[in-house]
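Peer 1: the sequence and its predicted three-dimensional model are supplied below.
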Amino acid sequence: MRPNIFKFATSELSQDALICYVLDYYNDLFKDKYPLENKFARYVISEILEKIEIKNLEINSLEVKKQFMAIDILLILNDKIYIIIEDKTFTSERENQMNGYREKIIKHYQAKEENVYCIYYKTGDESYKNISLIQEGKNIRTFLREEIIEIFDKYEGSNIIFQDYLLNLKAIQNERDSFKSKDLRKDTFTWNEVIGFYNELDKAFVKLRSEGIMPKDIDFNWQYTANQKGGFMCYYFENVLNFDNYGYYLQLESNSIPEKTIQENLKFVFKVWSDNKDISLLYKGLDILTENYGDTIVKPSRFARGTWMTQAIIKDYLVINEIGVIDVYKTAINIVNWLESLRSLKSKLFDISRE
C-alpha cells in the first residue's frame, strides 16, 4: 500500500486546508480542465445547502475564507449567506464556540441572523449526547465521519489528495468497526474498538428509547477519564438514583490490556457519588446490593474515598454469541435491565443515609 499523506497530516489545520482545497474547485475556471473535481465541489456545496435546508438557490458567487476571525472556514454565497464550518478531528467544540462565531459574522457583515449558519464537521468520534447538545444550537448542523465518507465516495476522479482523504477516513472507521467481528472468547478490545463499541451503544440506546424501553430521564454519555493509572474510556448513566447529597449511577470502565479478558477490561460497575465523600455509603449499600444480586456482583479489591466511588462490579453483563462476537443490542437491553433494577432499590438505598 502506498503512503497516505493524511496518516501524517492529522491536525485540524490540515483538514481545514483539505476542505478549502475541495471547495476551491467550484470555480468555473476548473469546469473544463478539472471536470470531475468541479463536479464534486458542486456536489459538496449541494450537500451543505441541503443540510442547512436551503433549496433552489442559484449560486452566483462563492467565496471561501480560511481562518477568518478565528473561524476555521467561512463560506460566503451570493454575498449574503454565511456558512461557518467548525472543523474538528479528535477535539470537541469549546462551550458556545459556534454561537460566538455567529455573532461575530452578524456584526462584521451586518448580516441577517437567519442567513448565518454553522456546520460542525467532525471526523473523529463524539458521543451522541454531545452531538445532540451541539445540534440544539441555533442554525447548527453536523457532518459526522460516516456521512463524510458517503460524500467522498461520490467522487469519480483520480485526484490523489481526495482519494487519500477518503482512504484515511475509511481506515479510521474500520478500526472502530473491527470490534464487530472480534472473538471475545480469546481476545479483548483495543482502545479504538472500545470507542467503536461505545458508538454502537449510543445507537442502541437511542433505538431503545424510541421503543420505550430505555427510561427517558436517564442520560447516557461517554468520554475519556484521566487518572493516575493512565485513564480509561467510560460510558456512564446519570440520573439513576439521586438523593440530597449522594446518589447512584452505573458506568462502563474500559482498558485494553492484552493479558486480560474482555470482562476484566470492560467493567460494568455500580458507582456512588457523594458531595461529602462519605465512604460509609459504600459499606452500607453493598449489603443491600448483595442481598438483591448475590454472586452476580463482586466487591472491588478495595473501597476508595472520593466524590465518585466504585461500590460493586457486575459480572457477565455482556451478551456474546456462539462465535464469541458481542451482541450490542442485547447487551444494551441487559444494561437497561440493570438500570431499572437499581432504581427499584430506591427506598432501601435512601434509608441508609439515616442510619
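Peer 2: Cool, the structure landed.

Peer 1: am I right that Lys348 falls within a helix?
Peer 2: Yes: read with DSSP: H, G, I helix; E, B strand; the rest coil, Lys348 is one of the residues of a helix.

Peer 1: secondary structure class for the nearest residue to it once chain neighbours are set aside?
Peer 2: With sequence-adjacent residues excluded and distances taken as Cβ to Cβ, 6 or more residues apart in numbering, Lys348 is closest to Ile288, at 5.0 Å. Any C-beta I mention is one placed from the backbone N, CA and C, and that applies to glycine too. When states are read from three-state DSSP, the local structure at Ile288 comes out as helix.

Peer 1: and the longest strand anywhere in the chain, which strands flank it?
Peer 2: Longest among the strand segments of the chain by residue count, using DSSP state E, is strand 232-242. Sheet neighbours of strand 232-242, with direction, are listed as strand 219-225 (antiparallel), strand 246-254 (antiparallel) (DSSP bridges).

Peer 1: highest average neighbour count across those strands?
Peer 2: Mean neighbour counts were compared across the strands paired with strand 232-242 using mean count of other Cβ atoms under 10 Å; the top stretch is strand 246-254, at a mean of 21.

Peer 1: before we move on, back to that, want to throw the strands paired with strand 232-242 into TSV with distance to Phe6?
Peer 2: Compiled in TSV, those are given as follows (distance: least, Cβ to Cβ, whole Å):
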stretch	distance to Phe6
strand 219-225	23
strand 246-254	27
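
Peer 1: nearest to Ile320, out of those strands?
Peer 2: The closest of those to Ile320 is strand 246-254. By Cβ to Cβ, the value is 15.3 Å.

Peer 1: helix or strand right after that closest one?
Peer 2: Scanning the chain past strand 246-254 towards its C-terminal end, the next helix or strand to appear is helix 262-265 (assignment: DSSP states H and E).

Peer 1: wait, doesn't Asn265 sit right on Ser256?
Peer 2: Yes: Asn265 lies in contact with Ser256 (Cβ atoms under 8 Å); the separation is 6.1 Å.

Peer 1: between those two, which contacts overlap?
Peer 2: Residues touching both Asn265 and Ser256 by Cβ atoms under 8 Å, 6 or more residues apart in numbering: Thr188, Phe189.
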